[in-house]
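**Student:** Below is the structure, and that's it, no one-letter string:
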């Protein structure tokens, strides 16, 4: 059960509500977010919802059977929209395109990619400064100094920054230079990190775990929401299966299922989903056809020289063609 409180609820009205919940043997978990204040109720038996709904100070009340209550569509039928300012929104019915390199390598590289994005009216740049790598000898990012350069050039050109945070200690240092925190597949069940990101007033994109189920992804989002942050989006980025033809198996069925289960925006990542350059465009287009609110993709001026994931990064001309195709595909989807 989710109880949405009135913004002007009085202390007395709150006490009456909590006493009523205690009388009905309903466990009460207060949740105060960027936007509203709620109480998540966990009943131990049957009760009449009207006994609570008729109390003063309550804006709305819903029965929610899902264990992931706050991110469930069962109480919030309208889609959540992430507002990044300056007209940049995710989940508002338009297609969000996030494009950039796997890793931030140099200031020259940032300038080159920013120029490419401005030319193609892409308003969100992705790029890693802390890189979780399978081998400890691989390039692991430029760290906070690289992030400062990344943010400087993007903000000067009206572009928002999405980048991965890997541990709790990085959150505070990154706060001033990030527009969207990305939680990578390896950290999707790092509940300490999710708890901390629930306490910041910045959007968070959570990627599905390498072998994670959709319910596990929704539980991860619930950690962030229940800790106070409603600005969440989910990302399908491929899962590990027995198939070896691609780097991962991009689960396109996840997109409509997530759209049915949750009110949060859903993003598709075809670059990590397949890990092979030639297959990225068709899977990106398929993701849009599946109902994704946005696409996050990897590009590089010279992928063969990329410090990481060059094999799945698109050349600029390939990316420009795909941007056009994605926008045309979104128009087609909207016409159905």
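**Tutor:** Structure's in. What do you need? Everything quoted here is computed from the prediction, not taken from an experiment.

**Student:** where do the strands sit along the stretch 51-200 of the chain?
**Tutor:** Taking DSSP state E, counting those that start in this stretch, the strands of the stretch 51-200 of the chain run over residues 58-62, 82-83, 89-90, 96-100, 124-126, 160-164, 180-183.

**Student:** Least confident of these, on average?
**Tutor:** Within the strands of the stretch 51-200 of the chain, the stretch with the lowest mean pLDDT is strand 58-62, showing a mean of 94.

**Student:** From the contact counts, what lies against it?
**Tutor:** The contact analysis (3 or more Cβ pairs under 8 Å, 6 or more residues apart in numbering; DSSP states H and E) places strand 58-62 against strand 2-5, helix 50-53. For glycine as for every other residue, the C-beta is placed from the backbone atoms N, C-alpha and C.

**Student:** Reformat these as TSV; add mean neighbour count, mean pLDDT and distance to residue 277.
**Tutor:** Listed next are the helices and strands packed on strand 58-62 as TSV, based on neighbours: other Cβ atoms under 10 Å; pLDDT from 0 to 100; distance: least, Cβ to Cβ, whole Å:
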stretch	mean neighbour count	mean pLDDT	distance to residue 277
strand 2-5	20	95	44
helix 50-53	13	89	55
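
**Student:** So for residue 160, which of those sits nearest?
**Tutor:** Relative to residue 160, the nearest member of the helices and strands packed on strand 58-62 by Cβ to Cβ is strand 2-5, separated by 29.4 Å.

**Student:** which secondary structure elements does that closest one contact?
**Tutor:** strand 37-43, strand 58-62.

**Student:** Run through the stretch 1-150 of the chain and note the low-pLDDT ranges.
**Tutor:** Segments of the stretch 1-150 of the chain classed as low confidence (criterion: pLDDT under 70) are 133-134, 137-139.

**Student:** can you give me the helices in it?
**Tutor:** Listed from the start of the chain, the stretch 1-150 of the chain has helices (DSSP state H, counting those that start in this stretch) covering 11-23, 50-53, 107-119, 143-156.

**Student:** need the ones you listed in JSON lines with distance to residue 177, can you?
**Tutor:** Converted to JSON lines, these look like this (distance: least, Cβ to Cβ, whole Å):
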{"stretch": "helix 11-23", "distance to residue 177": "38"}
{"stretch": "helix 50-53", "distance to residue 177": "44"}
{"stretch": "helix 107-119", "distance to residue 177": "13"}
{"stretch": "helix 143-156", "distance to residue 177": "4"}
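
**Student:** Which among those is found nearest to residue 32?
**Tutor:** In terms of Cβ to Cβ, the element of the helices of the stretch 1-150 of the chain nearest to residue 32 is helix 11-23, at 12.0 Å.

**Student:** How about residues contacting the closest one?
**Tutor:** Here helix 11-23 makes contact (Cβ atoms under 8 Å, 6 or more residues apart in numbering) with 3, 5, 27-28, 39, 41, 51-52, 55-58.

**Student:** thinking again about what came up before, what's the closest of the helices of the stretch 1-150 of the chain to residue 165?
**Tutor:** helix 143-156 (10.1 Å).

**Student:** Mind listing what's buried along the closest one?
**Tutor:** Burial within helix 143-156, assessed by neighbour count using 16 or more other Cβ atoms under 10 Å, is assigned to 146-147, 149-151, 153-154.

**Student:** go on, stretch 185-196?
**Tutor:** Under the neighbour-count criterion of 16+ other Cβ under 10 Å, stretch 185-196 has 185, 187-190, 193-194, 196 buried.

**Student:** TSV please, covering the strands of the stretch 51-200 of the chain and showing distance to residue 113.
**Tutor:** Supplementary listing: these in TSV, determined by distance: least, Cβ to Cβ, whole Å:
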stretch	distance to residue 113
strand 58-62	44
strand 82-83	22
strand 89-90	20
strand 96-100	6
strand 124-126	7
strand 160-164	12
strand 180-183	17
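
**Student:** Distance check, residue 107 against residue 113.
**Tutor:** Look at residue 107 and residue 113: by Cβ to Cβ, to the nearest Å, they are 11 Å apart.

**Student:** Please say which of these two ends up with more neighbours.
**Tutor:** Comparing residue 107 with residue 113 by other Cβ atoms under 10 Å, the one with more neighbours is residue 113, at 28 against 14.

**Student:** Thanks a lot, catch you later.
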